[in-house]
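Engineer: Next input, structure requested:
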Amino acid sequence: MDIRSLSSSHRHPQDAPYVHKVGLPPKQNLFSEFKATVKETFFADDPLRPFKDQPSSKKFILCVQAIFPIFEWGRSYNFAKFRGDLIAGLTIASLCIPQDIAYAKLANLDPQYGLYTSFVPPLIYAFMGSSRDIAIGPVAVVSLLLGTLLQNEIDPVGNATEYRRLAFTATFFAGITQVTLGFFRLGFLIDFLSHAAVVGFMGGAAITISLQQLKGFLGIKKFTKKTDIVSVMHSVFASAHHGWNWQTIVIGVSFLSFLLVAKYIGKKNKKFFWVPAIGPLISVVLSTFFVYITRADKQGVQIVKHIHKGINPPSVNQIYFSGDYLLKGARIGIVAGMIALTEAIAIGRTFAAMKDYQLDGNKEMVALGTMNVVGSMTSCYVATGSFSRSAVNYMAGCQTAVSNIVMATVVFFTLKFLTPLFKYTPNAILAAIIISAVISLIDFDAAYLIWKIDKFDFVACMGAFFGVVFVSVEIGLLIAVSISFAKILLQVTRPRTAILGNLPRTTVYRNILQYPEAAKVPGVLIVRVDSAIYFSNSNYIKERILRWLRDEDELVNKSGQTKIQFLIVEMSPVTDIDTSGIHAMEELFRSLQKREIQLILANPGPAVIDKLHASGSAQLIGEDKIFLTVADAVASCCPKSVGEV
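Structural biologist: Here you go, the predicted structure:
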């Protein structure tokens, strides 16, 4: 018999319907197969397609546009687009300036470093980024993560210079990590952190960030350096009788209420998106003026004091390229860079989907990484896409990344001329701004949806959340990553299997749990394997199928039904099989032989049928025991049963 001819020899040729054969794919040499695998893994989006059949000059232009997208969309830029970008840039600048000063404190850095981070990185991103909507700058979660990891190595108060140097080193390596991932097209690695884990991590970080703000919100001078809720609340209540400042509390509560009301107005009516956007700036101006005229700082209200005037000084010579802190900076930078990347790509994809344009994830990584590398050399710490600012940017009608240039220009003038005006800004208002900004990171709706959809995902979500809140940010992140990997391993090592039955008056076979009306075929057990068969799950799949058989034997003994004589394995979902999988199928075949049960395969895919023939397993099982459909396989066992069950 021809090896491709897999029709059943059990039928009578004169009355049997035509049975299609399971085709063997054309043979590929090793190089072609390897090339196809690499292409699908790293170049699935076919990035070189635009370069095909183009002259050298055109290829050079396309190459420049690929690195600097501004030269592509800039050709069609006009005044109408600039007007939208100008309004959006001014709007996000009013939001980012007070946020930058506040977020720098989260990272345990002086306020000007937050402003520096909203000047240089947005300019770099505007030239290299492919998103039209992302607003670049420091963000709360990354600032907290960076501050927490850095202070574990160096005391930010007692050794501020070395702390700053380590911050720049971490930023440098965060950028190198991001550029590397993008250049080598390894962006798929960030997808290993599941959405559920990110939701839990962000929610826990929001709680932790808010708790950290109680120091400035209540006017406490001595405060714990730990971030877990138990330590923070102990520190808060221990200083209740002598450490709280009532003037500070009044300022904090008043302006937090104002900011929350402004945010509610903006959420209720999209036309008033600018209200929550300018709320922080209004709060800073009013509270600063109030403290200045009343001299509340003399009554114990803590203020920002001096903010260094002038634009970013160079910091290349401050980065650790050798010594003990090199590896520590690299480790912290890799963690911060991955989190920053995850947040930015998620934000970019969200707004790209809303405006219906494509976002090149690998280009984004290169752009984000480059801006952080350059930022580390110009006194910036890790910058990324901010969700709150990007949302305001989108609502304000931004058209291109020029809105980032406008924002950076406003920050430039602020650094050059306006920083002395922030001297009397109370720390309480910065705490209020941070709390109002991060509170939206607690996404109850997303957590509830995760609970409804997948309970294991909910465990991952809660594990990350409680890890951050009750232990530390890095432990919460570790739990998030660990549970995400655990889920992948569980799905790979314990794939789903199902027993199939025949839908009445059809030749369709479906899961009997999903379709209760589907009836089992007497004497035949039909099992579907819903996964590729690899070394990690091959033994489980074999044992699970044998367990199905034992369960069926028990039912047969109790009910007196026909004994199982045929096992049909539906292999449509089996996309691939390796050597261990082949051995498992052969062991299953031998186990069934001892029970006098025939093994039949239905619809193996091209990779599977090719390997079955290459290994000789197809000959062992029997080439006439491999069919295109379950219906054909059942017909070979009991022809009268097809469509009549």
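Engineer: Report all helices and strands that whichever helix in the chain runs longest contacts.
Structural biologist: Ranked by residue count under DSSP state H, the longest helix found in the chain is helix 324-355. Applying 3 or more CB pairs under 8 Å, 6 or more residues apart in numbering; DSSP states H and E, we find helix 324-355 packed against helix 140-151, helix 160-183, helix 361-376, strand 384-386, helix 387-395, helix 473-493. Bear in mind the C-beta positions are built from the backbone N, C-alpha and C, glycine included.
Engineer: Buried deepest among those, which one?
Structural biologist: Neighbour counts (mean count of other CB atoms under 10 Å) averaged over each of those peak at strand 384-386, with a mean of 29.
Engineer: Packing partners of it?
Structural biologist: Short answer (3+ CB pairs under 8 Å, 6+ apart): strand 384-386 packs on strand 135-137, helix 324-355.
Engineer: Need these in JSON lines (columns: mean neighbour count).
Structural biologist: Converted to JSON lines, those look like this (neighbours: other CB atoms under 10 Å):
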{"stretch": "strand 135-137", "mean neighbour count": "32"}
{"stretch": "helix 324-355", "mean neighbour count": "20"}
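Engineer: Nearest to residue 552, out of these?
Structural biologist: With CB to CB as the criterion, residue 552 lies closest to helix 324-355 of the helices and strands packed on strand 384-386, at 46.3 Å.
Engineer: For residue 279, give me its contacts.
Structural biologist: Neighbouring residues of residue 279 by CB atoms under 8 Å, 6 or more residues apart in numbering: 258, 259, 262, 263, 436.
Engineer: any idea which helix or strand carries the last one?
Structural biologist: For residue 436, the enclosing helix or strand under DSSP states H and E is helix 427-438.
Engineer: what's that helix packed up against?
Structural biologist: Against helix 427-438 (3+ CB pairs under 8 Å, 6+ apart) you get helix 79-106, helix 140-151, helix 195-212, helix 214-218, helix 246-268, helix 274-294.
Engineer: and that helix, C-alpha only, in CSV?
Structural biologist: Once non-C-alpha atoms are left out, helix 427-438 reads as follows in CSV (Å, rounded to 0.1, in the frame of the first residue of the first chain):
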residue,chain,number,x,y,z
ASN,A,427,5.0,68.2,50.4
ALA,A,428,1.4,67.5,51.2
ILE,A,429,0.2,68.7,47.8
LEU,A,430,2.7,66.4,46.1
ALA,A,431,1.4,63.5,48.2
ALA,A,432,-2.2,64.5,47.2
ILE,A,433,-1.2,64.6,43.5
ILE,A,434,0.4,61.1,43.7
ILE,A,435,-2.5,59.6,45.5
SER,A,436,-5.0,61.0,43.0
ALA,A,437,-2.9,59.8,40.1
VAL,A,438,-2.3,56.2,41.3
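Engineer: Residues contacting it, please?
Structural biologist: Applying CB under 8 Å, 6+ apart, the contact partners of helix 427-438 are 98-99, 101-103, 105-106, 140-141, 205-206, 209-210, 213-217, 219, 248-249, 251-252, 255-256, 259-260, 263, 279-280, 283-284, 287-288, 301-304, 388.
Engineer: Now do it against helix 274-294, angle only.
Structural biologist: Here helix 427-438 runs at an angle of 170 degrees relative to helix 274-294 (axes from the mean of the first three to the mean of the last three CA atoms, to 10 degrees).
Engineer: which residues sit in contact with the nearest residue to residue 471 once chain neighbours are set aside?
Structural biologist: Nearest non-adjacent residue to residue 471, counting by CB to CB, 6 or more residues apart in numbering: residue 228, 5.7 Å away. Counting by CB under 8 Å, 6+ apart, residue 228 touches 208, 469, 470, 471, 472.
Engineer: give the contact list for the closest residue to residue 136 other than its chain neighbours.
Structural biologist: Excluding the flanking residues, the one nearest residue 136 by CB to CB, 6+ apart is residue 122, at 4.2 Å. Taking CB under 8 Å, 6+ apart as the contact definition, residue 122 lies against 135, 136, 137, 371, 383, 404, 405, 407, 408.
Engineer: In CSV: those, plus distance to residue 492 and pLDDT.
Structural biologist: Shown next, in CSV, are the contacts of residue 122 (distance: CB to CB, whole Å; pLDDT from 0 to 100):
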residue, distance to residue 492, pLDDT
135, 38, 95
136, 37, 96
137, 39, 95
371, 36, 97
383, 36, 97
404, 41, 96
405, 46, 97
407, 44, 96
408, 45, 97
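Engineer: Out of those, which comes closest to residue 449?
Structural biologist: Nearest to residue 449 among these, with distances taken as CB to CB, is residue 135, at 26.6 Å.
Engineer: which residues pair with the closest one across the strands?
Structural biologist: Applying DSSP bridges to residue 135 yields these beta-bridge partners: residue 386.
Engineer: My guess is it contacts residue 385. True?
Structural biologist: Yes: when contacts are counted by CB atoms under 8 Å, residue 135 is listed as touching residue 385 (6.9 Å).
Engineer: How much space separates residue 572 from residue 546?
Structural biologist: According to CB to CB, to the nearest Å, residue 572 and residue 546 sit 21 Å apart.
Engineer: Residue 462 now?
Structural biologist: The gap separating residue 462 from residue 546 is 36 Å, by CB to CB.
Engineer: Settle it for me: which of the two has more neighbours?
Structural biologist: It is residue 462, of residue 462 and residue 546, that has more neighbours when counted by other CB atoms under 10 Å, with 20 against 16.
Engineer: quick one, what contacts the spatially closest residue to the more buried one that is not a sequence neighbour?
Structural biologist: The spatial neighbour of residue 462 that comes closest, neighbours along the chain excluded (CB to CB, 6+ apart), is residue 200 at 6.1 Å. For residue 200, the contact set (CB under 8 Å, 6+ apart) comprises 447, 460, 461, 462, 463, 464, 465, 468, 476, 480.
Engineer: just residue 498 next, same as before
Structural biologist: 511, 512, 513, 527, 528, 530 are the contacts of residue 498 under CB under 8 Å, 6+ apart.
Engineer: Just name the closest of these to residue 242, please.
Structural biologist: Using CB to CB, the contacts of residue 498 come closest to residue 242 at residue 530, 63.8 Å.
Engineer: wait, doesn't the closest one sit right on residue 497?
Structural biologist: Yes: with contact defined as CB under 8 Å, residue 530 counts as touching residue 497 (6.6 Å).
Engineer: what about residue 50, neighbour count?
Structural biologist: Residue 50: 13 surrounding residues under other CB under 10 Å.
Engineer: Can you say which helix or strand has the nearest residue to it once chain neighbours are set aside in it?
Structural biologist: The shortest distance from residue 50 to any non-neighbouring residue, by CB to CB, 6+ apart, is to residue 62 (5.5 Å). Secondary structure from DSSP H and E places residue 62 in helix 56-67.
Engineer: Would you mind writing the CA trace of stretch 285-295 as CSV?
Structural biologist: Only the C-alpha atoms of stretch 285-295 are listed here, as CSV (Å, rounded to 0.1, in the frame of the first residue of the first chain):
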residue,chain,number,x,y,z
VAL,A,285,-0.1,77.2,42.5
LEU,A,286,-2.8,77.7,45.1
SER,A,287,-1.1,75.7,47.9
THR,A,288,2.3,77.3,47.2
PHE,A,289,0.7,80.8,47.3
PHE,A,290,-1.2,79.9,50.5
VAL,A,291,2.0,78.6,52.3
TYR,A,292,4.0,81.7,51.1
ILE,A,293,1.5,84.3,52.4
THR,A,294,0.8,82.5,55.7
ARG,A,295,4.4,81.3,56.2
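Engineer: Tell me if residue 586 really is in a helix.
Structural biologist: Yes: using DSSP: H, G, I helix; E, B strand; the rest coil, the assignment for residue 586 is a helix.
Engineer: what's in contact with stretch 312-328?
Structural biologist: 116, 119-120, 153, 162, 164-166, 168-169, 172, 329, 376-380, 415.
Engineer: Let's see that with 7 Å instead.
Structural biologist: Applying CB atoms under 7 Å, 6 or more residues apart in numbering, the external contacts of stretch 312-328 come out as 116, 119-120, 153, 164-166, 168-169, 172, 329, 376-380.
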